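Enquirer: Please work out how this folds:
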Amino acid sequence: MKSRIFFVLPLLLLTVLAQGCLAALSGAETFVPVPELVVLPAQVERGGPARALLAGLPPEAAAEGEFDGKKVFFFPVEDVLVGLFGADVMIEPGVKTLKVAWTAGEFGGELAVEVPVKDKTYGIRDIKVPQKQVDLSPEDQARAARERKLVEAALALQTPVKLWTGNFIEPVDGPINSSFGRRTRLNGIMNPRPHAGADYLVPEGTEVRAPADGTVALTGDHFFSGQAVYLDHGQGLISMYFHLSRIDVADGRSVKKGDVLGLVGKTGRVTGAHLHYGVYLNGARIDPPAFRQMTTRLVAP
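Expert: Numbering: from 1, shown residues only. Below is the predicted model:
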């Protein structure tokens, strides 16, 4: 095990070494894996990302899990299997359970760990838009319903292969003027759903770049989100980019980290030019900047 994860699983090496010595003394030829499951951070905030570390298994091992009714995919990082998951921004705080099933050759088993989910206050924002964008006409309602079905299909993708490597980057270089998770008073009426992305205040025409490798799952000009791009990064990880003035990619196209997806604009229901950037992880809406930071330290706190 590499030195930078010794402190994460301090007892694992002793357990594995002790078992190997006993097997040698008894003349046994079969090594039975004894995996250990750790969640980082130990407590997850509502709307926050987390990762599960499964160590002590041979290289050919595989695992899958479940958290809050959502699937958790695992992939190898160094000598650890890592599973990414998130506490949805509207999850009920409390103690949840992460369940993991693993296999290694003829062996297999199940593990479970309790994950405390803490509440978090994100604040409130006030937005004023034309009233016709709040009280929709029958035609606009029908259009929004059609577009919602397309978006739901894109967000439900669970491509089994992880398409990205390395850390995520920012899609644009600029400040966030409306953060993830804030409640919205729209024309004075509180929206029951929190803001499920981060809004970057950058000039119209700014290039929007893919934060990681992936495949274009959906593009379109939608009533609420304007010109939008959805990227499938594999294993249930979907990112999205709203209110563009131009789209430079097509459905089904593979993109690399840093590729231009389009240009910042002010299409859809907006008050001005900006980029709305969202991240869904197997249906959980999570904070994009927090997710990006986590990708830089997958096997360490």
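Enquirer: Flag the shaky bits of the stretch 1-150 of the chain, pLDDT-wise.
Expert: Scanning the stretch 1-150 of the chain with the threshold set as pLDDT under 70 gives 1-31.
Enquirer: surely Q133 meets R269?
Expert: Yes - in this structure Q133 lies within contact range of R269 using CB atoms under 8 Å: 4.8 Å. In this view, the C-beta of every residue, glycine as well, is placed from N, C-alpha and C.
Enquirer: Find me the pLDDT at the residue nearest to D232 when sequence neighbours are not counted, would you?
Expert: Spatial nearest neighbour of D232, chain neighbours left out: A217 (4.1 Å); criterion: CB to CB, 6 or more residues apart in numbering. Model confidence at A217, given as pLDDT, is 98.
Enquirer: Can you give me the buried ones in the helix or strand A217 falls within?
Expert: Per DSSP states H and E, A217 falls inside strand 214-222. Within strand 214-222, the residues scored as buried using 16 or more other CB atoms under 10 Å are G214, T215, V216, A217, L218, T219, G220, H222.
Enquirer: Can you spell out which residues form a bridge with the last one?
Expert: Spelled out, it's H222. Beta-bridge pairing for H222 (DSSP bridges): G226.
Enquirer: For it, which residues are in contact?
Expert: The neighbours of H222, taking CB atoms under 8 Å, 6 or more residues apart in numbering as the test, are A144, E147, V151, A228, G268.
Enquirer: cool, and the third one?
Expert: For V216, the contacting residues are V229, Y230, L231, D232, V249, A250, D251, G252, R253, S254, V255, taking CB under 8 Å, 6+ apart as the criterion.
Enquirer: any chance you could map the strands in the stretch 151-300 of the chain?
Expert: With strands called from DSSP state E, counting those that start in this stretch, the stretch 151-300 of the chain shows them at 176-178, 183-186, 189-190, 198-200, 207-209, 214-222, 226-232, 237-247, 254-255, 260-264, 275-281, 284-286.
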